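**Student:** coordinates only, sequence not included:
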């Protein structure tokens, strides 16, 4: 039966494979024969070094015992001491702090070393006379005036063409203006406002002494006395009007607001009317008038001279924002120790743009310090208000009537122990 | 009858007043108030432009004076100088108007302007101080007159005035420090008395090193120095006049006794010291004028390192009567002492501050030495330093800074002077000519 085309191809492939296997087998056998014949010549091994042979002598037991008996005792064996390692400072072994304890006399027999300072001969120290007739009395040096920025000259020229006075009525555009969305356009570029470079206003809020610092790194040090835990921030009433016990002392009744001239007129009239009466009547009337006037004065003061704090109260967050803003500029680093124990309460007016009126900053209360420390604490507080208020305090404009007069209590006592 | 009618009239009058509008009809709110307790602690930025040289000879002093003033203030750690290269405005004349806006722009909170005149043997220095952000001058201008040799003191005077006006503290720049200058190898150290300005300048030596000296102390007037010397082979206290360098022993130099740790009373007429006799050490008081000696303590333990309170009514000292060294306070006339130190470790070398509010001390605990302060009743103990060996605190005249000896470990260890403020800030080394120890601050110079 004749083979089909597919079977013919398979038979041809099988023969080709058998022929290839024969060739590979032959080549491998030839290579093996060549390696056997030429291997010794091509891969000649190098001569190994000769083995050293030690002469061994046999020791008898008696010789061994006699050698052991002659060996030195363990105590006599010189112990090889390890090289001295540099020992860390042993604080326990250091001399105790006895600079004032009786020192032992030490005789100095050797000549003085050569590295003495140049001036070997003691020289009389000039008596600390008043350096100079230093004029401790303050010299009346007049203060210079602050340089004023040049003011623009008043323009006295008048435009030749009359200009229409701008009307208050808004112009109506011909085409409707598209409504402005609160959301920024997706492709809008946000341009950040360039802030002028300035020196950092805050360096640190806490100073770590060497003792504390070392303590942190070396637990073997002595613990210092633990500081008292910081008190929680005082709760500030969001609605000061509801405070039943206002801390602000009322101003003296002598500062009667000018807006109330009837007070004086009526008081004068009443006083004049009762002047002719007998003393008991006059006293009673005067007391009543004084009480009424005092009530009026107190009300005027706590209300910010009759005009302040008439708006909605500030929220806790708004007050916190103000607190953070002034804290950043309240630098107590240069205050005296006594001033650090002095608390001052400062009242000041704020302009609608949020900037404080520096001239209005006044001290209304203080506790815990003498006159000079109060002055210094107040100056530090005033500096903080002016510095941090230069860009305007973060207060809501719609509540201006509430914060147009503001009070801050500066209490540095907790800062003293940091 | 008027008495009977008086309440009626009063009520009627009150009603009249109310009706006529004396009272404000609507009660207004109080201004909002916040309480601040968390300020910042940072050096106060100040600007000290070059003092104006007002005549030809003043040029060389102007820069030096300005530099010393700025260095004094910056060295306190309470002030930070804004470099002159950052100044926008220039001070061209002492009476020229001040452009506060320019100084505000560089965040200078304090501005110091000054001028110098030099003619012949006289220098005149004047200055003004400005609160930049308030746009006001702080105090009046001040003027000092001196000789060229005292220009550094004049600069210290200016810095003192600035420091006091800004901080409210007393000054301390125009002061001196007496100390023990050390030289030679550690095993054969030569110790001499030396005195320098508080900043390490103008060093002068008061003794020649022939005998070991220890623990010098200035008198309240600054014209005498007490110290302990081994001139006789044993420690004894001596009194030196700093003007003539004349030295005289204080008290009787008995054989078999040792006297040491002297310190003046605030009136300068009494000296308290320790006397060791027969292995027992107690505190004595000596009236310098009469030579009368009074024993203040009588205990078998070691009582030493006495220091008067500023009012002279009490003495603080160290004693090991309970085993370890602790700090005690007793009346200036003696009596039962009261222990005020209560922490771990050993306490020594107590020194009462010039303000009377703190006591500085040396503390050894767990292998470390500390300089610390505590209230006079032992409360508010605060450790200011920590090292291998810190000891011997001394107060600055204003009670704000403490200087002490710090010695490094090892054979090559040396004693150096360091200073730190009472809050533990601004730790820095005081420059000296070689090793130094046992500092004692003088009172403020006149």
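**Tutor:** Received the coordinates, thanks. What you see is a predicted model; the values in this text were computed from it and never measured.

**Student:** grab the nearest non-local neighbour of residue A:352.
**Tutor:** residue A:400 (5.5 Å; C-beta to C-beta, 6 or more residues apart in numbering or on different chains). Yep, even glycine has a C-beta here, placed from its N, CA and C like the rest.

**Student:** now do residue B:434
**Tutor:** For residue B:434, ignoring the flanking residues on the chain, the nearest one in space by C-beta to C-beta, 6+ apart is residue B:183 at 5.7 Å.

**Student:** quick check, pLDDT for the closest residue to residue B:393 other than its chain neighbours.
**Tutor:** Excluding the flanking residues, the one nearest residue B:393 by C-beta to C-beta, 6+ apart is residue B:360, at 4.0 Å. Looking at residue B:360, its pLDDT reads 98.

**Student:** residue B:360 pairs with what?
**Tutor:** residue B:351, residue B:373 (DSSP bridges).

**Student:** repeat for the one 5 residues further on
**Tutor:** Per DSSP bridges, the residues bridged to residue B:365 are residue B:368.

**Student:** for the residue nearest to residue A:352, pull up the helix or strand it's in.
**Tutor:** Counting by DSSP states H and E, the element that carries residue A:400 is helix A:400-403.

**Student:** do the same with residue B:244
**Tutor:** Element membership of residue B:244, judged by DSSP H and E, is empty: it is in no helix or strand.

**Student:** distance of it from chain A?
**Tutor:** Here residue B:244 is placed at a distance of 6 Å from chain A (C-beta to the nearest C-beta, to the nearest Å).

**Student:** outline the domain layout of the chain.
**Tutor:** Picked chain A for this. According to automatic domain parsing, chain A comprises the domains A:248-302, A:316-416.

**Student:** wait, chain B
**Tutor:** For chain B, automatic domain parsing gives the domain ranges B:44-167, B:176-441.

**Student:** now the ones you listed in JSON lines, with distance to residue A:26?
**Tutor:** Shown next, in JSON lines, are the domains of chain B (distance: least, C-beta to C-beta, whole Å):
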{"stretch": "domain B:44-167", "distance to residue A:26": "94"}
{"stretch": "domain B:176-441", "distance to residue A:26": "85"}
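
**Student:** these into a markdown table, with extra columns for mean neighbour count?
**Tutor:** Shown next, in a markdown table, are the domains of chain B (neighbours: other C-beta atoms under 10 Å in any protein chain shown):
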| stretch | mean neighbour count |
| --- | --- |
| domain B:44-167 | 20 |
| domain B:176-441 | 20 |
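
**Student:** was I right about residue B:196 contacting residue B:179?
**Tutor:** Yes - counting by C-beta atoms under 8 Å, residue B:179 is a contact partner of residue B:196 at 7.4 Å.

**Student:** shared neighbours of the two, anything?
**Tutor:** Common neighbours of residue B:196 and residue B:179, using C-beta atoms under 8 Å, 6 or more residues apart in numbering or on different chains, are residue B:432.

**Student:** that older thread, distance-wise, check the residue nearest to residue A:352 relative to residue A:350.
**Tutor:** Applying C-beta to C-beta, to the nearest Å, the value for residue A:400 to residue A:350 is 8 Å.

**Student:** which of the two has more neighbours?
**Tutor:** Between residue A:400 and residue A:350, residue A:350 has the larger neighbour count (other C-beta atoms under 10 Å in any protein chain shown), namely 22 against 16.

**Student:** is the more buried one in contact with residue A:405, as I believe?
**Tutor:** Yes - the pair formed by residue A:350 and residue A:405 meets the contact definition of C-beta under 8 Å, at 7.4 Å.

**Student:** residues in contact with the residue positioned nearest the centre of chain B?
**Tutor:** The residue lying closest to the centre of chain B (C-alpha atoms, centre = their mean) is residue B:396, at 1.5 Å. Contacts of residue B:396 were listed using C-beta under 8 Å, 6+ apart, and they are B:172, B:175, B:198, B:354, B:402, B:403, B:441.

**Student:** again, but for residue A:415
**Tutor:** Neighbouring residues of residue A:415 by C-beta under 8 Å, 6+ apart: A:332, A:340, B:37, B:38, B:39, B:41.

**Student:** pretty sure it is in a helix, no?
**Tutor:** Yes - under DSSP: H, G, I helix; E, B strand; the rest coil, residue A:415 falls within a helix.

**Student:** which SSE is immediately downstream of the helix or strand of chain B with the lowest mean pLDDT?
**Tutor:** When the helices and strands of chain B are scored by mean pLDDT, DSSP states H and E, helix B:2-19 comes last with a mean of 48. Counting by DSSP H and E, the next helix or strand C-terminal to helix B:2-19 is strand B:33-36.

**Student:** after that next one, next one along is what?
**Tutor:** Counting by DSSP H and E, the next helix or strand C-terminal to strand B:33-36 is strand B:44-47.

**Student:** does any part of that next one sit near chain A?
**Tutor:** Yes - using C-beta under 8 Å from any C-beta of the partner chain, strand B:44-47 reaches chain A at B:44, B:45.

**Student:** from residue B:433, how far off is the residue nearest to residue B:434?
**Tutor:** Using C-beta to C-beta, residue B:183 is found at 9 Å from residue B:433.

**Student:** what does residue A:34 give?
**Tutor:** 92 Å.

**Student:** who touches the closest residue in space to residue B:78 that isn't next to it in sequence in this structure?
**Tutor:** Excluding its sequence neighbours, the residue lying closest to residue B:78 (C-beta to C-beta, 6+ apart) is residue A:334, at 4.3 Å. Counting by C-beta under 8 Å, 6+ apart, residue A:334 touches A:380, B:43, B:44, B:78, B:79, B:166, B:167.
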